[in-house]
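# Just need the structure, nothing else, for what follows:
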Amino acid sequence: MLWMQHHGIFNVANSILNSIDLDQTVANLMVTAHNDGYTQGYVECTQHVTDALRVDWDTSRSATRGVDIGAAHAAAKAEYNLRLPVMDLVTTAHQSEDFVFQLKEIFPDEADASDDEDLE
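Numbering: from 1, shown residues only. You can find the predicted model right below:
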């Protein structure tokens, strides 16, 4: 259990935080949120100009015209509930009788190999 405190939890957390899958999903979420906010702001601004000047504002040059940005953002939010491969490994290891050994196999800590005997 000392290995879990000193190495296991740290390794699992780092694996999640350094996951390329997580990075890509968060980046996609940020981009779609930005685009959705831009689109909504552009529509609102267009409405203000139309109301103030009593003219129809030409939105044909809007970068997001005809694109369902809201759906892209909703899809990115749904994708945020992603499954990380490392968590599948941790879940499988946790079901083992000797889950600490299984975790050590997943997260070998070569730098502290000499300390393993002391921690057991």
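
# quick one: least confident helix or strand in this protein?
None of the helices or strands of the chain scores lower by mean pLDDT, DSSP states H and E than helix 116-119, at a mean of 50.

# domains of the chain?
Listed by automatic domain parsing, the domain ranges of the chain are 1-19+84-120, 32-76.

# mind checking which of those domains is nearest T25?
Nearest to T25 among those is domain 32-76; the distance by C-beta to C-beta comes to 7.7 Å. C-beta: built from backbone N, CA, C; applies to glycine.

# Give me the distance between the two termini of the closest one.
End-to-end span of domain 32-76 (C-alpha to C-alpha, to the nearest Å): 7 Å.

# Need the contact partners of the helix or strand where V90 lies.
Element membership for V90, per DSSP states H and E: helix 85-94. Here helix 85-94 makes contact (C-beta atoms under 8 Å, 6 or more residues apart in numbering) with 12, 15-16, 19, 21, 99, 102-103, 105-106.

# Using CSV, lay out those together with neighbour count.
Below are the contacts of helix 85-94 laid out as CSV (neighbours: other C-beta atoms under 10 Å):
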residue, neighbour count
V12, 19
S15, 18
I16, 14
S19, 17
D21, 13
F99, 15
Q102, 17
L103, 21
E105, 11
I106, 15
